[in-house]
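Participant: Below are the sequence and a predicted model; questions follow.
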Amino acid sequence: MQMSLMATVDLDVRLAQDAADLRAAQRLRYDVFVQELGGDGPLVDHVNRVERDRFDPFVDHLIAFDGPRAVGVYRLMRADQAEAAGGFYSDGEYDLARLLSSGRRVLELGRSCLHPDYRGGMAMHQLWSALAHYIERHRIEVLFGVASFHGTDVAALSPSLSLLHHRHLAAPEIRVKARPKSFHRMDLLDEAEVDRRAAMRAIPSLIKAYLRLGGTVGEGAFVDHQFNTTDVCLILDTAQMNDRQKRIYDKDRG
């Protein structure tokens, strides 16, 4: 019952306005990425329970608050912010040259997470609604960012990765590719060998949400041992979204 009530609560979704807002987002990220999923990193502050990295000072943080507590977060990085930061976060895992040379206005989405009590309800839709306003304001055309499967056993993920490769590969003109240092092929099974229903069930809910919106993936998976994940790069070309997908994405706007 508690989860159901939390899932339907009306949240205050806004961009971080000060250091206190940012710290609230970093604490939520610690709870999810470090405590829940076992991640770590050189700038993780275990004493103060804060997950942070070098990109945080340069980006916008879209945060869903329930009272004073951050319960959902998106980290947003435009091209001008990436230039100031010395590159996009995803550039450490994927060669973005083809996407960035496409002439499209891009936005990197990262560090997306929800408090467990707010998953499976309207919290993500409320974040998406605020994100839609941000995209409109900055005239963004393509969204991208890494999204993760928990664990680093690529073989165990082969049905889901193969399904993504065969059915959801990005268009060549915007297709990024995992960097060689940790590149893993995703076409581990022939398409005919994949149990599509089982493979889709095993895909994390955030990735499935983007697929429903018309999202695609780059070539190759990247194994991130530091965060105990296997990453794919999601790419969503907003011009390719049909009316039904736009209604899902933009559900709460009015």
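Facilitator: Looks like it came in fine.

Participant: If residue 61 is in a bridge, with which residues?
Facilitator: Beta bridges link residue 61 to residue 75, judged by DSSP bridges.

Participant: actually residue 143, not the one I typed
Facilitator: residue 107, residue 236.

Participant: what's the spacing between it and residue 31?
Facilitator: Distance from residue 143 to residue 31, counting by Cβ to Cβ, to the nearest Å: 25 Å. C-beta coordinates here come from the backbone N, C-alpha and C atoms, glycine included.

Participant: Tell me which of those two has more neighbours.
Facilitator: Comparing residue 143 with residue 31 by other Cβ atoms under 10 Å, the one with more neighbours is residue 143, at 20 against 17.

Participant: so where is the stretch 1-150 of the chain shaky, pLDDT-wise?
Facilitator: Applying pLDDT under 70 to the stretch 1-150 of the chain flags the ranges 1-8.

Participant: Enumerate the positions of the host helix or strand of residue 80 that are buried.
Facilitator: Using DSSP states H and E, residue 80 sits in helix 79-85. The neighbour-count check on helix 79-85 (16 or more other Cβ atoms under 10 Å) flags 81-82, 85 as buried.

Participant: Can you verify my assumption that residue 9 contacts residue 66?
Facilitator: Yes. Using Cβ atoms under 8 Å, residue 9 is in contact with residue 66, at 5.9 Å.

Participant: ok, which stretches of the stretch 1-150 of the chain are strands?
Facilitator: For the stretch 1-150 of the chain, the strands defined by DSSP state E, counting those that start in this stretch occupy 12-15, 60-66, 69-78, 94-95, 106-114, 142-150.

Participant: Minimum distance to residue 235: which of those strands has it?
Facilitator: Proximity to residue 235 (Cβ to Cβ) singles out strand 142-150 among the strands of the stretch 1-150 of the chain, at 4.7 Å.

Participant: That closest one: which residues count as buried?
Facilitator: Per 16+ other Cβ under 10 Å, strand 142-150 contains these buried residues: 142-149.

Participant: ok now do the closest residue to residue 23 other than its chain neighbours, which residues does it touch?
Facilitator: Among residues not flanking residue 23 along the chain, residue 50 sits closest, at 6.7 Å (Cβ to Cβ, 6 or more residues apart in numbering). Neighbouring residues of residue 50 by Cβ atoms under 8 Å, 6 or more residues apart in numbering: 23, 26-27, 29-30, 44.

Participant: residue furthest from the geometric center of this structure?
Facilitator: Largest separation from the mean C-alpha position in the chain: residue 192, at 28.7 Å (Cα atoms, centre = their mean).

Participant: Doesn't that one lie inside a helix?
Facilitator: Yes. Using DSSP: H, G, I helix; E, B strand; the rest coil, the assignment for residue 192 is a helix.

Participant: any idea how far it lies from residue 221?
Facilitator: Distance from residue 192 to residue 221, by Cβ to Cβ: 21 Å.

Participant: cool, and residue 96?
Facilitator: Residue 96 is 16 Å from residue 221, by Cβ to Cβ.

Participant: Among these two, which residue is more densely surrounded?
Facilitator: residue 221 (29 against 22).
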